[in-house]
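J.: got a sequence here, can you model it:
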Amino acid sequence: MPDGGASAMPSLARKGRGAVTNPPVRYESRRTEAWDDGWGTLAAEFGELPPLPTELIREKAKTALSWNDSPDIGFDRSLNPYRGCEHGCVYCYARPAHAYVGMSPGLDFETRLMFKPDLPDLLEKELAKPGYQPKPVALGANTDPYQPIERTLGITRRVLEVLERFGHPVTIVTKSAAVLRDLDILTRMAERNLAHVCLSVTTLDLKLARLMEPRAASPLKRLEAVSALARAGVPTGVLAAPMIPGLNDAELERILEVSARAGATRAGYVLLRLPLEIRGMFEAWLNQHHPDRAARVLALVRETRGGQLYDSRFGTRQTGTGPYAELLAQRFKVALRRFGLDGRGNMGRALDCSQFRAPQEAPRQLALL
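T.: Residues are numbered from 1 along each chain as shown. The predicted structure follows:
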């Protein structure tokens, strides 16, 4: 960048949004940068930014199921009704995927959302194909299936209706208490050992939660959802993720304790992951909201990632390496035993794939009768 009037890009922070930047799409050959001409015009231009509305974009999906062969993910297939997520979690590992459709992983990811209205119909066709072999499908493995737009679009519920009709097992991870809307379906499926639900609880600090995940349900609402699911007999777990060194990792035991008290019977955790654009975005977010501890947090992250901000190797990307990461893993194991979150009870049972059946088509009537 030339010497002179250059200055750092002003923050794009908006009320109700998580990211404070909107990095360019990494696949594009041309990039633009804001430039301060020395008269303060850059600061003036970005000084009073209006709220960003949510834009919905219809996507014509070609397939319903997404497949993976990752050795450190416990499922081989998933369903994602949406691209992008309005929850706005600044650390979301799915953000870089928005670049695949020509959008920024920053504010675009949480404001320009793609939805797949044909997903339930495509799913029904794929499940009915001869030779399909059922295994539990992860609903919303990339972005949250119960983010706010689901309240009006209802794609996730229609997907569950298809899975129930086929007797197909499903696992759900969400940050939203809106999962309770589908308690009727989930209860019936749980009675047949076809459903597990996991609530992600990142922090119990309301202020921190609002900064990290501005449009997700409050921690209290998520714990209430855990209780309601458990009372209904739906096997329910909690995911303490991500654990961010120096920011929320001190809460690990407390999160697991209150989750167990709410009715969870299994738990997991994931160390903060910062692939691709998320590294710079997270650093900008830290400097915006936690300037006093930004350097310390980033130093601890590097300590768990071999001196880098991210290590994508299978087997270590979820938990990190080094003394700090090993201590976190040990704390987690001790807390599992202490609070009875090691999969006892119905959450410990493998979901039943033997009930899978393709519904029989109704006989067609003769057109001339």
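J.: tell me the confidence at the residue nearest to Val179 when sequence neighbours are not counted?
T.: For Val179, ignoring the flanking residues on the chain, the nearest one in space by CB to CB, 6 or more residues apart in numbering is Tyr146 at 5.2 Å. Just so you know, the C-beta spots here come from the backbone N, C-alpha and C atoms, and that holds for glycine as well. On pLDDT, Tyr146 comes in at 98.
J.: do a quick rundown of the helices in the stretch 1-150 of the chain.
T.: Ranges of helices in the stretch 1-150 of the chain, per DSSP state H, counting those that start in this stretch, are 41-47, 107-111, 119-127, 150-153.
J.: Leu298 is nearest to which of the ones you listed?
T.: Nearest to Leu298 among these is helix 107-111 (21.7 Å), distances taken as CB to CB.
J.: ok, residues contacting stretch 89-106?
T.: 12, 18-28, 83-85, 108-109, 112, 114, 142-143, 175, 202, 212-213, 216, 242, 244, 272-278, 281-282, 285 (CB atoms under 8 Å, 6 or more residues apart in numbering).
J.: oops, could you answer that again for stretch 50-58 instead?
T.: Stretch 50-58 is contacted from outside by 14-17, 86, 107, 111-115, 117, 148-149, using CB under 8 Å, 6+ apart.
J.: one more pass at 7 Å, please.
T.: Identification of contacts with stretch 50-58 by CB atoms under 7 Å, 6 or more residues apart in numbering yields 14-17, 86, 107, 111-115, 117, 149.
J.: go on, stretch 202-213?
T.: By CB under 7 Å, 6+ apart, stretch 202-213 touches 18, 87-91, 175, 218-219, 241-242, 248, 251, 254-255, 258, 289.
J.: now it: buried residues?
T.: 202-204, 208-209, 211-213 (16 or more other CB atoms under 10 Å).
J.: off-centre distance for the longest helix along the chain?
T.: In the chain, taking DSSP state H as the definition, the longest helix is helix 322-339. Taking CA atoms, centre = their mean, to the nearest Å, one finds the center of helix 322-339 at 23 Å from the center of the full chain.
J.: re the thing from before, what's the closest of the contacts of stretch 50-58 to Arg181?
T.: Ile149 (13.3 Å).
J.: so how far is Ala178 from that closest one?
T.: Separation of Ile149 from Ala178 (CB to CB, to the nearest Å): 10 Å.
J.: could you double-check that Ala128 sits in contact with Ala358?
T.: Yes: taking CB atoms under 7 Å as the definition, Ala128 is a contact partner of Ala358 at 4.6 Å.
J.: neighbour-wise, which of those two wins?
T.: A count of neighbours by other CB atoms under 10 Å puts Ala358 above the other of Ala128 and Ala358, at 15 against 12.
J.: the more buried one - that's part of a helix, no?
T.: No: counting by DSSP: H, G, I helix; E, B strand; the rest coil, Ala358 is not part of a helix but coil.
J.: could you pull up the residues touching it?
T.: 127-128, 166.
J.: ok so, going back, which ones among the buried residues of stretch 202-213 lie within helices?
T.: 208-209, 211-212.
J.: that older thread, in TSV, list the contacts of Ala358 along with distance to Asp182 and pLDDT.
T.: Below are the contacts of Ala358 laid out as TSV (distance: CB to CB, whole Å; pLDDT from 0 to 100):
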residue	distance to Asp182	pLDDT
Leu127	19	97
Ala128	23	96
Phe166	16	98
